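> got a sequence here, can you model it:
(chains A, B, C and D)
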2 protein chains.
Amino acid sequence: MNEEWVSFYKALADANRLKIVGLLAQKPYSVEQLAALLDLKPATISHHLARLAEVGLVSAKTESYYNVYRLEEKALEERTRRLLSREDFQSAAADVDVDAYDRKVVADYKRRDGSLKTIPAQRKKLEAVLRHVVKAFEPGKRYSEKQVNKILERFHEDTASLRRELVGYGLMKREGGGGDYWRVES
Amino acid sequence: MNEEWVSFYKALADANRLKIVGLLAQKPYSVEQLAALLDLKPATISHHLARLAEVGLVSAKTESYYNVYRLEEKALEERTRRLLSREDFQSAAADVDVDAYDRKVVADYKRRDGSLKTIPAQRKKLEAVLRHVVKAFEPGKRYSEKQVNKILERFHEDTASLRRELVGYGLMKREGGGGDYWRVES
DNA sequence: AATTCATTTCGATAATTATCGAATTAGATA
DNA sequence: TATCTAATTCGATAATTATCGAAATGAATT
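Next up, the predicted model:
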């Protein structure tokens, strides 16, 4: 479903094909006429028209000797509609694995036993690691500071830093001054 | 002004760039993150982002270590609205010489003295030649059949055929049964 | 100031494709 | 049927470009 859009844009991503579409927007033309108008050989025009036809932008009708091409206005309108809805753009990334980056970062910092070699200094990497760490807490459950530290020890001895960052990045919250902690729903 | 459109379409005519746009439609990302998500090297992502930025689809903001890119939603909407409109397509062909085909055909059939070697048998070529011939008549003026023949003789001895085709293709008209002829405004 | 890290730039390579001439196909005319 | 004509297909070439490694840049932390 992505390929469809790519080939659509590719069809329009050429100066001569844009000119062809522009001419056909005024009236239908035969291959030979277009060749004369654009100063290209019929073979080349044929190639361009084939690419435009592939995505449904133009269609051909045989008229005596000639193959007369016309713009498919309905197809054009349909495209515009879908394009403006902008849904399709998001679906362009639908098959992208959005967690690939986090996994890559965590893999770099995690030892075999699951503990962290270090706490990342770079913000983006710290975020990725924290998103991993926070999964050790059950959503909805409340933890005392002692319980939190116990869990964080599995990842790094500097539990105070981990705890502070988790709260700082909004992955965990704390009740009032010295109350319980809980994991924030993502 | 045509180049601008071509580069816009070219910017979107690549599967990975479409995925990037799709991801940025959800939230901003750094180069490194996009590289991990699309399984490409940062250098490649940088190249793609540069092309998208060239046409104003994305913009970068430096954030501490990172270059965070975001989608320029207004630009995207503005472009998609305009670029697929029929008007703008027509202007893509604005600089095309629409008479090039006629001139090419007429040159093939015309002798040095302006007369026609033959009357073309192919419809498209006949049309082109007739559009040339009809220019010998003044718009708005009325001609008797005798006058018409006199003028058509300059082009070909078979004035009857020329006359018939001119009327048949709607380039000239005739009053009632045996009245005068006149050139139809194009 | 030195170092670390993300990004960009550069150079090279492989893949894509626009263009054209030659050969083929398909339609229409005589 | 034989002959034209327009269009398409095929093969080759030149130009464009996606991709990546290596080197350079620039910003930020220590």
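> enumerate every residue touching the residue most central in space within chain A.
Nearest to the mean C-alpha position of chain A, by Cα atoms, centre = their mean, lies A:A93 at 2.9 Å. Going by Cβ atoms under 8 Å, 6 or more residues apart in numbering or on different chains, A:A93 touches B:K19, B:I20, B:V21, B:G22, B:L23, B:A25, B:Q26. Yep, even glycine has a C-beta here, placed from its N, CA and C like the rest.
> cool, and A:G178?
A:G178 neighbours (Cβ under 8 Å, 6+ apart): A:E145.
> so is the worst-scoring helix or strand of chain A on mean pLDDT next to chain B?
Here the helix or strand of chain A ranked lowest by mean pLDDT, DSSP states H and E is helix A:87-92, holding a mean of 77. Yes - looking at helix A:87-92 against chain B by Cβ under 8 Å from any Cβ of the partner chain, the contacts come from A:F89, A:Q90, A:S91, A:A92.
> now the residue nearest to the centre of chain A: how far from B:K27?
Distance, A:A93 to B:K27, using Cβ to Cβ, to the nearest Å: 11 Å.
> repeat that for A:L57.
Plainly put, A:L57 is 33 Å away from B:K27 if you go by Cβ to Cβ.
> looking at the two, which one has more neighbours?
Higher neighbour count among A:L57 and B:K27: A:L57, with 24 against 10, using other Cβ atoms under 10 Å in any protein chain shown.
> contacts only, for that one.
Counted by Cβ under 8 Å, 6+ apart, A:L57 has contacts A:A11, A:L12, A:V21, A:L71, A:E72, A:A75, A:L76.
> now swap in A:N2 and tell me
Contacts of A:N2 by Cβ under 8 Å, 6+ apart are A:S91, A:A92, A:D95, B:A15, B:L18, B:K19.
> host element of the closest residue to the fourth one other than its chain neighbours?
Put plainly, it is B:A15. Distance criterion Cβ to Cβ, 6 or more residues apart in numbering or on different chains; nearest residue to B:A15, sequence neighbours excluded, is A:V6 at 5.0 Å. Applying DSSP states H and E as the criterion places A:V6 in helix A:2-12.
> only C-alpha atoms, please: export the helix or strand following that helix in CSV.
Per DSSP H and E, helix A:2-12 leads on to helix A:15-24 as the next helix or strand towards the C-terminus. Taking C-alpha atoms only, helix A:15-24 is exported to CSV below (Å, rounded to 0.1, in the frame of the first residue of the first chain):
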residue,chain,number,x,y,z
ALA,A,15,9.5,17.5,-15.8
ASN,A,16,8.3,16.1,-19.1
ARG,A,17,5.6,14.0,-17.5
LEU,A,18,4.4,17.0,-15.7
LYS,A,19,4.2,18.8,-19.0
ILE,A,20,2.3,15.9,-20.5
VAL,A,21,-0.2,16.0,-17.7
GLY,A,22,-0.5,19.8,-18.1
LEU,A,23,-1.3,19.4,-21.8
LEU,A,24,-3.7,16.6,-21.3
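> what residues does the following helix or strand past helix A:15-24 touch?
Going down the chain from helix A:15-24, the next helix or strand is strand A:29-30, by DSSP H and E. Here strand A:29-30 makes contact (Cβ under 8 Å, 6+ apart) with A:L23, A:L37, A:E63, A:Y66, A:N67, A:V68, A:Y69, B:K124.
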